[in-house]
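Asks: Starting from these lines, generate the structure:
(3 chains)
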Amino acid sequence: MNLKSPKYHFKNLETKYSLKDWWPAQSEFEIMVGAILTQNTSWNNVEKAITNLKGSINLDPTSILAAPHEFLETLIHPSGYYKVKTRRLKALCTLLVNEFDGSTSKMKQLPWREIRAMLLGVNGIGPETADDILLYALHKPVFVIDQYTIRIFSRLGFNPSSDSYEGWQQFFMQSLPNDVDLFKNYHALIIIHAKNLCRKTPICEPCPLKKDCNYPNR
DNA sequence: GGCCAGGACACCA
DNA sequence: TGGTGTCATGGC
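Replies: Down below sits the predicted model:
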């Protein structure tokens, strides 16, 4: 089978969608917060939670650690899973404060593999959230994999040597130039596209249908 | 009223 | 190692 390259599909998506304000944020730390709040949650709900946070406390690791647990829960309530996400936010801030004096700039100075290992050691930060933080907050060249990516590229016929998060990540990072902006835009385009996609539809043909579709997921 | 969303983890076999 | 339940709100 002669599959079109990931580069080809990127160009295709790039001509189709706008990336304007895909991940709006005023600081690197705000992106980290968003990465946790958006776990299995629509961005619309995350925005409400971030607005609450910014309206009530300074959005920095020290202030989040200083805020009472129950107060944080009420602030991030709209993003769902507010109890676990409060714990996760505090855990991330503990790492930032203890290891990097609360500074994302200091964190950035380490090689991304070291940062990734530290992030994955934080309870509540899995591979996708860690890579969101590395790519969008810290501008490290890491390709983010999510269920959309696997669904779409499986359907296109791609089949990495290992059907795992790391397998798919390796596939994309070996297929594409090592370019932070390319990785940022590609992941965003996949998500934007997936929202307009039916599982039956090729990647180049948006479809509003999502339910009642019997096309196999994998 | 059910489905879905910019995941992760604990638990079990 | 893989499958399943849990965490939860808000839009459609």
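
Asks: Show me which residues of chain A are close to DNA strand C?
Replies: A:40-42, A:44-45, A:48, A:77-85 (CB under 7 Å from any atom of the strand). No exception for glycine: its C-beta is placed from N, CA and C like everyone else's.

Asks: Could you identify the most distant pair in the residues you listed?
Replies: A:44 and A:83 (20.5 Å; CB to CB).

Asks: who has more neighbours, these two?
Replies: residue A:83 (13 against 9; other CB atoms under 10 Å).

Asks: Now do whichever strand or helix holds the more buried one, average pLDDT.
Replies: Using DSSP states H and E, residue A:83 sits within helix A:82-100. For helix A:82-100, mean pLDDT is 98.

Asks: Could you find the closest non-adjacent residue to the closest residue to DNA strand C within chain A?
Replies: The nearest approach of chain A to DNA strand C comes at residue A:80, 2.7 Å away (CB to the nearest atom of the strand). Nearest residue to residue A:80, sequence neighbours excluded (CB to CB, 6 or more residues apart in numbering): residue A:41, at 5.2 Å.

Asks: can you check residue A:128 too?
Replies: According to CB to CB, 6+ apart, the nearest residue to residue A:128 is residue A:146 (5.6 Å).

Asks: what number of residues lie near that neighbour?
Replies: For residue A:146, using other CB under 10 Å, the count is 17.

Asks: got the residues of chain A near DNA strand B?
Replies: A:22-23, A:34, A:38-43, A:45, A:80-81, A:84, A:122-130, A:132, A:136, A:146-147, A:191, A:194-195, A:210-211.

Asks: Please, which helix or strand holds the most centrally placed residue in chain A?
Replies: Central residue of chain A (CA atoms, centre = their mean): residue A:132, 3.8 Å from the mean position. For residue A:132, the host element (DSSP H and E) is helix A:127-132.
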